[in-house]
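Participant: Mind looking at a prediction? Sequence and model below.
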Amino acid sequence: MSNNKKVAIFWDYENCSPPSNSQGHAIVNGIRRIAHVFGYVTSFKAYLDISSQSPKSVGFRSDLQSSGVSMTDCPHNGRKDVVDKMILVDMLAFSNDHPSPATIILIAGDRDYAYAVSTLRLRQYNVVLIVPPAPNVPQSLESQASVVVDWNFAILGKRTEADTAPVRQPYRNLDEDIVERTVARSPGFE
């Protein structure tokens, strides 16, 4: 796969947050390794309600920001799905500004993204889904992605005991070696 394609990363931080003892730059480097399989990163955004974060997370968020992640504050103010809606709009804006071929990396495990992922795929975008360590990531979401990557394996470098492969393609429509290249860039492969 050509490495001259644009990649945008949209991270639902509330849905897929790293362990409290993580280092921000290490998490970003893990995500970046996956992104570079598909091209170069033009946008890297993490979405969260900053007011609901613990004071201990200030250093971690600062580490993310100094590593190139734009922290997008999503104050809930008594409303649900604020992060989801902001990510959906930003993915749409990216697709309007950057025609395919391009890649969108979505770090989330919420079924609310399934329709948007499907629509982007219909318009020939590669959509890489990095899923949180949860046994209940909806099949309706995973089945729409170009590639599904397990967060624990690819980002945290932990071996997975799950019944599913840590990097998988629901449909074989990308370069044949894309799964192998993604696995090779994951610290859990070592």
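Facilitator: In hand now; what should we look at?
Participant: Can you give the contact residues for the host helix or strand of residue 88?
Facilitator: Assessed by DSSP states H and E, residue 88 sits inside helix 82-97. Contacts with helix 82-97, where a contact means C-beta atoms under 8 Å, 6 or more residues apart in numbering, come from 8, 10, 12-15, 43, 45, 47-49, 72, 74-76, 102, 104, 106, 108, 110, 112-113, 116, 120, 123, 125. Just so you know, the C-beta spots here come from the backbone N, C-alpha and C atoms, and that holds for glycine as well.
Participant: Next, the buried residues of stretch 93-100.
Facilitator: Within stretch 93-100, the residues that count as buried by 16 or more other C-beta atoms under 10 Å are 94-95, 98.
Participant: quick one: which of those residues is nearest residue 59?
Facilitator: The closest of the buried residues of stretch 93-100 to residue 59 turns out to be residue 94 (C-beta to C-beta; 29.2 Å).
Participant: Can you tell me the SS state at the residue lying farthest from the centre of the chain?
Facilitator: Distance from the C-alpha centroid of the chain peaks at residue 78, with 25.9 Å (C-alpha atoms, centre = their mean). Three-state call for residue 78 (DSSP: H, G, I helix; E, B strand; the rest coil): coil.
Participant: Show me the strands in this protein, by range?
Facilitator: When assigned using DSSP state E, the strands of the chain occupy the ranges 6-12, 40-48, 70-73, 102-107, 126-131, 147-150, 167-168.
Participant: The shortest one: partners in the sheet, and parallel or antiparallel?
Facilitator: For strand 167-168, the paired strands and their directions (DSSP bridges) read strand 147-150 (antiparallel).
Participant: what about the nearest residue to residue 170 once chain neighbours are set aside, neighbour count?
Facilitator: In space, residue 170 comes closest to residue 143 once its chain neighbours are excluded; the distance is 5.0 Å by C-beta to C-beta, 6 or more residues apart in numbering. For residue 143, the count of nearby residues is 13 (other C-beta atoms under 10 Å).
Participant: where does this structure have low pLDDT?
Facilitator: For the chain, residues meeting the criterion pLDDT under 70 lie at 1-4, 134, 160-163, 171-179, 188-190.
Participant: can we see that at 50?
Facilitator: Scanning the chain for pLDDT under 50 picks out the ranges 1-2.
Participant: tell me the centre residue of it?
Facilitator: Residue closest to the average C-alpha location in the chain (C-alpha atoms, centre = their mean): residue 107, at 2.5 Å.
Participant: Residue 169 versus that one, what's the distance?
Facilitator: Remark: distance between residue 107 and residue 169 (C-beta to C-beta, to the nearest Å) = 18 Å.
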